[in-house]
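Asks: need a 3D model of the sequence below.
(chains A, B and C)
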Amino acid sequence: MIDVHELRVYFDSARGLVKALDGVDFHVGRGEIVGVAGESGCGKTTLALAISRLISSPGKIMGGKIEFEGRDIIEMDEDEFRKSYRWKKIAMVFQGSMNGFTPVFTIGSQIDEVLMIHGYHGNRVDRIAELLGMVELEPGIARRFPHELSGGQKQRAFLAMALAIDPPFLIADEPTTALDVLTQSSIINLLKTLRKKKQISIMLVTHDLALLSEIVDRVYVLYAGKLAEVGTSDAVFERPKHPYTKGLIASVPTITGKSISGISGFMPDLVNLPPGCKFAPRCPNVMTICKNEEPRVQRISEEQKAACWLY
Amino acid sequence: MDSIWKSTTRQFLRSKSGFAGLVMMIVILLFTVYSAAEVPQNIAFKWNNPQSWTGNPVGAAPVWVGVIGLHVSPSIPVSLKMWQESNVSAGAARFYEYNSNSSFSWSSSTTPQDVSFLPTFRGNAISATIAWTKPGAKAVDIQVSQVQSGNQYDANSPDFKNAISQYILAQTGQYSSGLTKSQVMSALFDQNGKGLLSGPVDTGDFTVEVQLLSTSPLNFTSNSSFNVIGTSYGPMGTDYYGRPIDLGILAGLPNALELGILTSVVAVVGGVIFGGLAGYFGGRKDGIMQWTTIVFLALPALNFLVVISYSSSLTLLEEGLLISFLSWPFYAIIARTVALSIKSQTYIEADRAMGIPAYRTFFSHFMPRLAPVSIAYTVLGIPAGILLVETLGFLGIQPPNLITWGTILDSAFFNEAALYGWWWWVLFPGLMIVIATIPFVLMGFALDKIIAPRVTNFD
Amino acid sequence: MVFRKKPFLREETHVKAVDGVNLKIRRGEVLGLVGESGSGKTTLGKAAIGLIKITSGKVKLYRRDNTPADVSSAKGSQWKRMRAELQMIFQDPYSSIDPNMKVYDVLRIPLEAHGIKKKAQVDTRIISVFDQVGLPADIFNDYVFQLSGGQRQRVGIARVLLFSPSFVVADEPVSMLDVSLKGDILAIIKKISENFEVAFLFITHEMAVARVISDRIAVMYLGQIVELGTSESIVSSPLHPYTKALLEATPYIDPSKRDILKQVNIRGDINSDRPDPSGCKFHARCPYVMDVCLTQIPSLKEKESGHDVACWLY
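Replies: As a prediction, the model looks like this:
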């Protein structure tokens, strides 16, 4: 459904050129939930923004292709993208989206506006009730104002708004990070239900590996703007191959309560990237070649690929 | 990585307006130093005393106006040589004659404003005779009876007028009584000696021979002066009293700068500390301080200043402090806002948790953040200070011993410079007020652009 | 031994941020305090070291020689002296340390405030705490804004250790750090607790993190402790419905859960609870609510050895 080839997004900052994404391939099929994992600065949010065409100066897409249902959406005219793709085919929910409601209008009227703008032909009142039901909010919410709702309710309402025109593809960037864990689990349940009922494809971006593992079919692990590992959820979480993935997984608390380790060192400065593999300075399995040459993404098995010289 | 100060300085020097402003300010400061060195200390007293300027042309244009097509005549001192004594006897009486002569060359086609003869001697003299010779013509004798040392005799003096009337009579056969100064001057300088104001001006070498006659010896301790007073003087001309405008400009420069800078610094520093503390304290103390700030903000500064200046005479320092006293509220409000947003930061709470005393917290966290804002505002406040000072001068409520550009303008207005068309009297002081503020505005904008994002982004 | 007994309220906003909490923390123990935002956990933490005024109740600190000191009523110089024994690690390393200061000064100023002024003494102390948190001495002259989040948090911990406190409240110290950095910070805290017998009140909203670091866990809901026990027993046999829900909702790395919808069973949000003076604070959302829950507040009672719960089910 969506195919990203060799995407490069660079930002022009006062300190130099920041290579937020440097040649990343990405793919989401129909009805798939794909996770994008990584820590701050790895480029996962940049990827989400690039697909939504929300990258603005000083950032620029410097290379690569993003194909949605076969059409290149980078080259597309802004008008066409806005009329045919944004919200109709590609919808987004971000971390702060719950604050994306105007405080002076009711929830219902704001969803109504979205329906109108995108030319929804059916009965809008019914549709609003239907959407609210989909996100497990009572229909009376439509008459309330945003400040009357809790964070969780607002995020759900926004999700309802995102689904207004039945988009086949939803980008969710840290949709639950600001919410408490109980609300988080109900929203994740919601996404699972949506996928089952509507065959919607979801791109879920978050730093929370545990969260991802419980919902996604496939997962991409990004590091310093590049792909470290990608594979099916089972493969990556149970048999991680890239040392970074291994380190990340070991940093997540387990149910046994064993001590969590960390990964020593720090994320490299995206303006001054070291040569060779970007993870080399922190890698416990580092070899000489790692410091000089960048590893390419290698196919390790049917279900898994990693960019590492170990393979 | 550079400290904040170094990186700010670098950004500042790199910015066009900052650099330009800095260069201009340095130039102005050099002029101020020059002014402090060259302008005499008691200039204010001299300035207000019209006697000091009698040798200067009145309402003279700047000497360079020939460039823009205005016709003026230069002022030329005719340096009288040493007095030669010779004795003359007429009968039983013994007379002493003292002669001095000199010459000058005249090339302007505009008649000069005046001639002035100021003899200085000790003793009693009977008369002075000035033999005025135009180029290629006979001398005109002007006799001054009962000549006194220290008196100025010029074209307005009755002696001159008499002599010239006779001269014109001889030339034209017409006698006019009640000659004006201009008529006397044109008679002295025109080619046909008719004293008509329209006559073409004689150019060439003029000679002046002065003879003093007395019955007892005279002593000459200082120089007597003989001046041809043209219609131009100095780089900026003169005013109604013959005071050179350039001198006034120079004299006013340090005053403007001192007051401008002083008022700005005091107002900003005082205001920022007050407002910073108000924001830091919070609660009731903050409430009282805010109330105080608003009261002062509401005071009409200019009216207040006028009343106080009028009822008592102030020194430069007092006036500066008074102005600061009325401008600080603006800065207090800004500083309070900055302080409030600092207060909400966690590191302030952390300090408290560590048992660090309040004053220490204020100095290590608040002051370094209030400082950059203060500097920018100080620089930006200097133009306001300068303008306020000049406004006071213009309104005539400056302490009398102070020369500022505002007082010069006030004098111009009062003496109807516009009526006379003496544009230089108004242009230069006005221009200087603007020019003095420009470098600070430029630098202030540059600083503001650099510092402002830091204040709101916080680190 | 740190002992606290305090039922208290916070009057200003007429919200009972902490309503009747009795808690004992043992010397050298790490007590995890788990709760969502709005549960009052941060308020409890700050009150425990005397940063907030208590409406009623007492906080007592028992020093190493077992003499008691009243934290809640300390004032002036006595309060200031207690700062050396009671410390706090803050959540956000970017705002809890002034980014515009030099690292050295961040640690020097508190030392000077407590009377350690001589350079040699100051240096020794700073180097020693740097050692404990694993920071290299060559960052002394760097400005804090040059450091990463993980480094800053270590400076925050170093700052806390300057006076060898006996009790530290750690308010979500790893919540704002990247995943790979959490482990190191937790290890540092654990090491300090063990080596120097420092008691920690570790506040977090993540049950999983609390499990890793705490000896005992207290679960807090709307100002009250609803369950208290060893980390092992809380996680493996939770008693209170809220604790059960939290554990159920907490994600662990488990791809097999992909097709399962979690049964969390809790209605509404924490906001939907208006301060209700009567009854158990959780009753509006509780799946097992009974009549008694509406009228009487259950108190924290021991159900099994070392495991207390406040619920009418027991």
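
Asks: need phi/psi at C:Pro287.
Replies: Per-residue torsions, C:Pro287: phi -70, psi -20 (degrees, to the nearest 10).

Asks: wait, isn't it in contact with C:Gln263?
Replies: No - between C:Pro287 and C:Gln263 there is no contact under C-beta atoms under 8 Å: 9.9 Å. To be clear about C-beta, it is placed using only N, CA and C from the backbone, and glycine gets the same treatment.

Asks: now the phi/psi pair for the closest residue to B:Asn87 other than its chain neighbours, please.
Replies: The spatially closest residue to B:Asn87, leaving aside those adjacent along the chain, is B:Tyr96, at 6.2 Å (C-beta to C-beta, 6 or more residues apart in numbering or on different chains). Torsion angles at B:Tyr96 (phi, psi; degrees, to the nearest 10) stand at phi -120, psi 130.

Asks: so what's the residue count around B:Tyr96?
Replies: 18 (other C-beta atoms under 10 Å in any protein chain shown).

Asks: got a list of what it touches?
Replies: B:Glu85, B:Ser86, B:Asn87, B:Val88, B:Leu213, B:Ser214, B:Thr215, B:Ser216, B:Pro217, B:Leu218 (C-beta atoms under 8 Å, 6 or more residues apart in numbering or on different chains).

Asks: one more time with 7 Å, if that's ok
Replies: Contacts were defined as C-beta atoms under 7 Å, 6 or more residues apart in numbering or on different chains; by that measure B:Tyr96 touches B:Glu85, B:Asn87, B:Ser214, B:Pro217, B:Leu218.

Asks: got phi/psi on the closest residue to chain A within the stretch 101-250 of chain B?
Replies: The stretch 101-250 of chain B approaches chain A most closely through B:Ile249 (44.0 Å), counting by C-beta to the nearest C-beta. When read as degrees, to the nearest 10, the backbone of B:Ile249 gives phi -60, psi -50.

Asks: next: B:Leu213.
Replies: Dihedral pair for B:Leu213: phi -120, psi 130, per degrees, to the nearest 10.

Asks: give me the distance between the residue lying farthest from the centre of chain C and chain A.
Replies: Within chain C, the residue lying farthest from the chain centre (C-alpha atoms, centre = their mean) is C:Asp259, at 35.1 Å. Distance of C:Asp259 to chain A, given as C-beta to the nearest C-beta, to the nearest Å: 7 Å.

Asks: which outside residues touch stretch A:292-304?
Replies: Contacts of stretch A:292-304 (C-beta under 7 Å, 6+ apart): A:227, A:231-232, A:235-236, A:241, A:275-277, A:305-309, A:311.

Asks: can you give me the buried ones in it?
Replies: For stretch A:292-304, the neighbour count (16 or more other C-beta atoms under 10 Å in any protein chain shown) marks A:Glu294, A:Pro295, A:Val297, A:Ile300, A:Gln304 as buried.

Asks: tabulate these (CSV), appending pLDDT.
Replies: Converted to CSV, the buried residues of stretch A:292-304 look like this (pLDDT from 0 to 100):
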residue, pLDDT
A:Glu294, 85
A:Pro295, 86
A:Val297, 86
A:Ile300, 84
A:Gln304, 88
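
Asks: what about the residues you listed, which are in strands?
Replies: Taking DSSP state E as the definition of strands, the buried residues of stretch A:292-304 contribute A:Ile300, A:Gln304.

Asks: which of the buried residues of stretch A:292-304 sits closest to B:Gly237?
Replies: A:Glu294 (77.0 Å; C-beta to C-beta).

Asks: on that earlier part again, pull the most distant pair out of the contacts of B:Tyr96.
Replies: Using C-beta to C-beta, the contacts of B:Tyr96 span at most 12.4 Å, a distance reached by B:Asn87 and B:Leu218.

Asks: quick one: stretch C:57-72 to chain centroid distance?
Replies: 18 Å (C-alpha atoms, centre = their mean, to the nearest Å).

Asks: endpoint to endpoint, it covers what distance?
Replies: 8 Å (C-alpha to C-alpha, to the nearest Å).

Asks: can you pull out the helices in chain A?
Replies: Using DSSP state H, the helices assigned to chain A run over residues A:44-51, A:78-80, A:107-117, A:124-134, A:151-162, A:181-198, A:209-213, A:233-238, A:243-250, A:288-292.

Asks: pLDDT check: weakest of the contacts of stretch A:292-304?
Replies: Among these, A:Tyr311 has the lowest pLDDT, at 79.

Asks: how about that one, nearest residue that isn't a chain neighbour?
Replies: Going by C-beta to C-beta, 6+ apart, A:Tyr311 has A:Gln298 as its nearest residue, at 4.9 Å.

Asks: which residues touch the closest residue to B:Val72 other than its chain neighbours?
Replies: Computed as C-beta to C-beta, 6+ apart, the closest residue to B:Val72 that is not its neighbour in sequence is B:Ser232, at 3.9 Å. Counting by C-beta under 7 Å, 6+ apart, B:Ser232 touches B:Ala60, B:Ala61, B:Pro62, B:Val63, B:Val65, B:Val72, B:Ser73, B:Pro74, B:Ser75.

Asks: tabulate those residues (a markdown table), appending neighbour count, secondary structure and pLDDT.
Replies: Shown next, in a markdown table, are the contacts of B:Ser232 (neighbours: other C-beta atoms under 10 Å in any protein chain shown; DSSP: H, G, I helix; E, B strand; the rest coil; pLDDT from 0 to 100):
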| residue | neighbour count | secondary structure | pLDDT |
| --- | --- | --- | --- |
| B:Ala60 | 28 | coil | 81 |
| B:Ala61 | 26 | strand | 82 |
| B:Pro62 | 24 | coil | 82 |
| B:Val63 | 18 | helix | 80 |
| B:Val65 | 17 | helix | 80 |
| B:Val72 | 22 | coil | 77 |
| B:Ser73 | 24 | coil | 78 |
| B:Pro74 | 19 | coil | 80 |
| B:Ser75 | 23 | coil | 78 |
